[in-house]
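# Next input, structure requested:
(one chain, ligands or ions: 1)
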Amino acid sequence: MVSAKVSRSAVLGAVALSLLAVPAQAAPLKAGTHPRTADALPAPDTAGLAAVLRSVVAKGAPGAMARIDEGAKVYRTTQGVADRMSRRAITTADRFRVGSVTKTFSAVVLLQLVDEHRLALDAPVNRYLPGLLPDDRITVRHVLSHRSGLYDYTNDMFASSVSGFEAVRNKVFTYRQLLDLSLRKPRTNAPGAAYSYSNTNFVVAGMLIEKLTGHSVKAEYENRIFKPLGLTGTFYVHPDTRIPGQHANGYLTADQAGAKPVDATEQTASWAQSAGAIISTTRDLDTFYSALAGGKLTSAARLADMERFTRVNSNTSYGLGLRRRDLSCGISVYGHTGAVQGYYTYAFTTKDGKRSLTAVANASNNSAVLNTLAQTLEPAFCGKQRSTRRADTPLEREDVAPAAPREQ
Ligand code: REX
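Prediction:
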């Protein structure tokens, strides 16, 4: 069973590698061909959502949780445990590491700086950070849309999942050190020419935030997003290794079949920082994406910039620090996914922000868990109207470190 998982993930890795660089010649897509408001959405299929979480646990996650927010209506569902030792049941109030969902927070800070006329999206990064990048043609927009061509240093860092993780779990990197790991490798494409997902882009985003504001990313996240939205369960504690307060422990699946999962809860997450080190809750991520899509965090023009999408595969597109997923019922949802050691996250909202879903599993490096967690979107947003044929079809995978089950 487990060995089947490993060989399958290797196959998926090969598929993913072939999709690594997606030519960006296609015109940016307009958001949602048939934008539907929450009023017009089918009611969530709560039984279907619970069944997906049961399946996530059956595929190997110790626990799974999901929360839907739609105005005053809240739906919560959980399966399994937060802690494999104590067997405490997981709850939707448990904090967790959101991984790349952090990228949307970083993008929002930069788009606010654009709104404040302190940054231009089409200006070269090197205008603000002279000499930083090896190519003056790489713009801020290229970075935020993963079209810079900067190689993803995590491909090598986590080629071996457990030893790669243990080598960095207590390390503290500067942004410069992370960027240098990337610059040792050739660029994956010419600036703007192709989509190629890379954490390096959001390391550069963090450097831009700190250079332009003179403050840490932590201060900017807190002052611009966490405090104004009342996200009291959301933290940026880098380089502290602990998750404050009640949280789900996160379990990293070993590459070797049958090996025990590693409790990865405590780590600096310094390899991720502005690309992936935020800690949050299901409630707070729902609040964040609803506020973003509802126009509360940026001007309408900047939100439109975030929502100029490049097609990644048949059901996924990428904007600026924002993913779009096209569901089987014709509805598109907007948000991000996250994969850090021990945690997978899906956090998405409707075009108008009126219905949001956050779904989490406290396991990682397990493609069966990831692909199953992805199926939470259909019952949450399509209700019972989803096409079972399409929902059961394995989702096309996007961009992955060699054999690394990450997000499509
Ligand atoms: C790091 C390795 C994956 C995870 C990564 N995470 O780049 C970023 C993120 C921060 O969340 N990205 C995902 C590790 C793709 C997203 O955008 O959704 N995998 C694990 C391995 C594989 O070690 N060898 O699964 O825990």
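# From here on, just use CA atoms for contacts and neighbour counts.
Noted.
# neighbours of the closest residue to the ligand within the stretch 1-150 of the chain, just the number please.
Closest contact between the stretch 1-150 of the chain and the ligand, by C-alpha to the nearest ligand atom, is at residue 100 (3.5 Å). Number of residues near residue 100 (other C-alpha atoms under 10 Å) recorded here: 28.
# Do a quick rundown of the helices in the stretch 251-400 of the chain.
Per DSSP state H, counting those that start in this stretch, the stretch 251-400 of the chain carries helices over the ranges 282-293, 300-306, 367-374, 377, 388-392.
# Repeat that for the stretch 101-250 of the chain.
Taking DSSP H, counting those that start in this stretch, the helices of the stretch 101-250 of the chain run over residues 102-115, 125-128, 140-144, 154-157, 161-168, 175-183, 199-213, 217-221, 227-229.
# Helix 102-115 and the longest one, what's the angle between them?
Orientation of helix 199-213 against helix 102-115 (axes from the mean of the first three to the mean of the last three C-alpha atoms, to 10 degrees) gives an angle of 40 degrees.
# helices or strands up against helix 199-213?
Under the contact criterion of 3 or more C-alpha pairs under 8 Å, 6 or more residues apart in numbering; DSSP states H and E, the helices and strands touching helix 199-213 comprise helix 102-115, helix 125-128, helix 140-144, helix 175-183, helix 217-221.
# Can you check what angle separates it from helix 175-183?
Calculated by the same axes, to 10 degrees, helix 199-213 forms an angle of 150 degrees with helix 175-183.
# From the chain's centroid, how far away is helix 199-213?
Averaging C-alpha positions (C-alpha atoms, centre = their mean, to the nearest Å) puts helix 199-213 17 Å from its chain's average.
# One more: the last one?
Shown here is helix 227-229, whose average C-alpha point lies 21 Å from the average C-alpha point of the whole chain (C-alpha atoms, centre = their mean).
# same question, the second one
Centroid separation between helix 125-128 and its chain, computed with C-alpha atoms, centre = their mean, is 26 Å.
# Name the residues of that helix that are buried.
Within helix 125-128, the residues that qualify as buried by neighbour count (16 or more other C-alpha atoms under 10 Å) are 125, 126, 128.
# now swap in the last one and tell me
Residues residue 229 are the ones in helix 227-229 that count as buried (16+ other C-alpha under 10 Å).
# now the fourth one
Within helix 154-157, the residues that count as buried by 16+ other C-alpha under 10 Å are 154, 155, 157.
# Distance check, residue 61 against residue 209.
Residue 61 sits 35 Å away from residue 209, going by C-alpha to C-alpha, to the nearest Å.
# unless I'm mixing things up, residue 290 is touching residue 355, no?
Yes: in terms of C-alpha atoms under 8 Å, residue 290 counts as a neighbour of residue 355; the distance is 7.2 Å.
# Overlap of the contact sets of the two?
residue 349 (C-alpha atoms under 8 Å, 6 or more residues apart in numbering).
# Near the ligand, which residues of this protein? Just list them.
Within the chain, the positions near the ligand by C-alpha under 6 Å from any ligand atom are 99-100, 154, 158-161, 252, 272, 275-276, 337-342, 364-365, 404-407.
# Residue 167: how many residues sit nearby?
Other residues within reach of residue 167 by the criterion other C-alpha under 10 Å amount to 11.
# cool, and residue 239?
Residues within reach of residue 239, counting by other C-alpha under 10 Å, total 16.
# what's near enough to touch it?
Contact partners of residue 239, counting by C-alpha under 8 Å, 6+ apart, are 172, 268, 269, 270.
# With adjacent residues omitted, what lies nearest to the first one?
Think residue 172. Leaving out its chain neighbours, the residue that sits closest to residue 172 by C-alpha to C-alpha, 6 or more residues apart in numbering is residue 270, at 5.4 Å.
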